[in-house]
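In: need a structure here:
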Amino acid sequence: MSTTKPTLSFWQIVNMNVGFFGIQFSFGLQQSSMSPIYNYLGADEASLPYLWLAGPVTGLIVQPIVGAMSDRTVTRWGRRTPYFLLGAILCSIGLLCMPFSPTLWMAASLLWILDAANNVTMEPYRAFVSDKLDPAQHSLGFMTQSAFTGLGQTLAYLTPSLLVLAGMNKDAVNASQIPHIVIAAFLIGAVFSIASVLWTVKTTGEHPLSAREVMALRDRPRGFMHTLREIGSAMREMPPTMKQLALVKLFQWYAMFCYWQYITLSLATTLYGTTDPASQGFRDAGLLNGKVGAFYNFVAFIGAFALVPYTRRYGPKATHCVCLALAGIGMLAIPQIRSPALLLIPMVGIGLAWASIMGNPYIMLAGSIPPERTGVYMGIFNMFIVIPMIIQIVTLPLYYRSWLGGNPENVIMLAGALMLCAAAAVLRVKVDRAGRAGVPPAPSALAGAKP
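Out: Next up is the predicted model:
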């Protein structure tokens, strides 16, 4: 990539990140609605983690491969654009079909398709931001992306409640017992997914490559096996900062997966005294989770911009540590709360952590990787998200009843403890205050770079 990159205005950075709104609206629908949908279709509490396997497995496979492929791609539309445009189209199709699932196996199958599409879109979008921006603007670029994460997920969580306010019957269900308000939310998500990405494609072109760079890319070996070799080589030469961040992400993503899977069940137990999916209390817990989830995502939306000066002044490492600690304390407090209004207090900490999770680790990463390998390293870095999720899926059912007493409240408290562990793990990551790696990239990676 060329070393000279123009400084973009705030609104140019906003336009290039609008597509992230649709991606995260889709993820927000999954986080807020998939566990209830599975419950409506007959899943029990202990099987929930297995039914969430689609996202981690597709992310583990798709993101590094797509990242390595996008590093080598040369088209008239750019290197990254073809991937996140195709992913957005497939994501919209998945969202259209999901709420009409008549059986549990069909809903689980559609989640595999939907998550694969989201992962095809996600990784090239991360690399797109890194490609476009000068390192001095990385903090604003990635935190703006984090802000759209908060905005998209705020509306995704809040849409069912807004539809109720608009006059839809919250108790109306289809033959599979899936509420009509959930069906409508997924249809809205399908529109947002493709429309927001099309906005970015229309308003923001990729950073142009020189004729020399294009020739160098076209001269690189092609084929699936070469792509796999590139992934293997990048993993062997992984920068030390990236390895240290792996432990942080192990704790924080195991915690977040626990939270998303069990928060509705926990609220139903503590506030409504039920775990019966057919009960009024369970539906009320789902709507309450939508409201508090919308609140913490709104905090993330505002917090992402508010955190930019703190990240610049104190560095992404210190900022991330504080935010994770606040989330840990908040999650530990949730099962003790018996008033819906008081739930907003811990949601402030969770929202700040969510803003930080979607921004600060990528600022630290962008300072530690060679530019010509941005795609593959962004893909590998996202493996550090999905591997903890897979570990959670495999391990949580083994001790859910024996160690946690089959109580969803205890899962939320476990998530809080793991967030505090993540905050402690951030302290051992070696970066300077700007977030750049303390150790340069591997010499062999730089030696193979084309000028």
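In: show me where pLDDT drops low in the chain?
Out: The model of the chain has pLDDT under 70 over residues 1-4, 46, 210, 432-451.
In: tell me what the longest helix along it is packed against?
Out: Counting residues, the longest helix found in the chain (DSSP state H) is helix 280-314. Helices and strands touching helix 280-314, by 3 or more CB pairs under 8 Å, 6 or more residues apart in numbering; DSSP states H and E, are helix 10-40, helix 138-165, helix 240-272, helix 316-333, helix 344-357, helix 360-366. Every residue, glycine included, has its C-beta placed from N, CA and C.
In: can you rerun that using 10 Å?
Out: Judged by 3 or more CB pairs under 10 Å, 6 or more residues apart in numbering; DSSP states H and E, the packing partners of helix 280-314 are helix 10-40, helix 138-165, helix 180-203, helix 240-272, helix 316-333, helix 344-357, helix 360-366.
In: Quick check: buried residues in that helix?
Out: Within helix 280-314, the residues that count as buried by 16 or more other CB atoms under 10 Å are 281-305, 307-308, 310-312.
In: now stretch 79-97
Out: 79-97.
In: Can you give me every residue that contacts Trp77?
Out: Neighbouring residues of Trp77 by CB atoms under 10 Å, 6 or more residues apart in numbering: 85, 201, 205-206.
In: Which ChimeraX command selects the buried ones in those residues?
Out: The ChimeraX command for the buried members of the contacts of Trp77 (criterion: 16+ other CB under 10 Å) is given here:
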select :85,201,206
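In: just curious, which of the contacts of Trp77 is nearest to Cys321?
Out: Closest approach between those and Cys321, by CB to CB: Glu206, at 33.9 Å.
In: Leaving out sequence neighbours, find the closest residue to that closest one.
Out: Gly78 (3.4 Å; CB to CB, 6 or more residues apart in numbering).
In: The one you found and Val214 touch, don't they?
Out: No - between Gly78 and Val214 there is no contact under CB atoms under 10 Å: 11.5 Å.
In: And these two? Which one has more around it.
Out: Taking other CB atoms under 10 Å, Gly78 and Val214 do not tie; Gly78 has more neighbours (22 against 12).
In: Please report phi then psi for the more buried one.
Out: Per-residue torsions, Gly78: phi 120, psi -170 (degrees, to the nearest 10).
In: re earlier: find the residues that touch each one of Gly78 and Val214.
Out: Counting by CB under 10 Å, 6+ apart, the shared contacts of Gly78 and Val214 are Pro208.
In: In helices only, show me the buried residues of stretch 79-97.
Out: Filtering those for helices - DSSP H - leaves 81-97.
In: Number of residues surrounding Ile380?
Out: That count, for Ile380 with other CB under 10 Å as the rule, works out to 23.
In: That one against Met235, yeah?
Out: Yes - between Ile380 and Met235 there is a contact under CB under 10 Å: 6.1 Å.
In: Now for these two: what residues contact both?
Out: 64, 242.
In: rewinding a little: what residues does the residue nearest to Glu206 make contact with?
Out: Neighbours of Gly78 in contact, by CB under 10 Å, 6+ apart: 70, 85, 124, 128, 131, 201, 204-209.
In: now swap in Asp284 and tell me
Out: Per CB under 10 Å, 6+ apart, neighbours of Asp284: 170, 267-268, 271-272, 274, 340.
In: Likewise for Glu123?
Out: So Glu123 contacts 59, 62-70, 80, 83-84, 87, 375-376, 378-382 (CB under 10 Å, 6+ apart).
In: Then Ala333?
Out: 342-343, 345-346, 349, 412-413, 416.
In: so how far is Ser33 from it?
Out: According to CB to CB, to the nearest Å, Ala333 stands 25 Å off from Ser33.
In: same thing with Asn17?
Out: 24 Å.
In: before we move on, what about Gly286?
Out: For Gly286 relative to Ser33 (CB to CB), the value is 8 Å.
In: So for these two, which residues contact both of them?
Out: By CB under 10 Å, 6+ apart, the residues touching both Gly286 and Ser33 are 40, 160, 179, 181-182, 264.
In: Looking at the residues you listed, which is nearest Ala246?
Out: Nearest to Ala246 among those, with distances taken as CB to CB, is Thr264, at 29.7 Å.
In: Can you get me a residue count around that closest one?
Out: Neighbour count of Thr264, defined by other CB under 10 Å: 25.
In: Now it. Nearest residue, chain neighbours left out?
Out: In space, Thr264 is closest to Asn289, 4.6 Å off (CB to CB, 6+ apart).
In: list the contacts for that neighbour?
Out: 31-33, 35-36, 157, 160, 260, 263-268, 343.
In: Phe224 too?
Out: Each residue near Phe224 by CB under 10 Å, 6+ apart is listed here: 65, 68-69.
In: Which residues in stretch 412-425 does the neighbour count mark as buried?
Out: Of the residues in stretch 412-425, 412-416, 418-423, 425 count as buried by neighbour count, 16+ other CB under 10 Å.
In: Could you export the residues you listed to JSON lines, including columns for secondary structure?
Out: Below are those laid out as JSON lines (DSSP: H, G, I helix; E, B strand; the rest coil):
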{"residue": "Ile412", "secondary structure": "helix"}
{"residue": "Met413", "secondary structure": "helix"}
{"residue": "Leu414", "secondary structure": "helix"}
{"residue": "Ala415", "secondary structure": "helix"}
{"residue": "Gly416", "secondary structure": "helix"}
{"residue": "Leu418", "secondary structure": "helix"}
{"residue": "Met419", "secondary structure": "helix"}
{"residue": "Leu420", "secondary structure": "helix"}
{"residue": "Cys421", "secondary structure": "helix"}
{"residue": "Ala422", "secondary structure": "helix"}
{"residue": "Ala423", "secondary structure": "helix"}
{"residue": "Ala425", "secondary structure": "helix"}
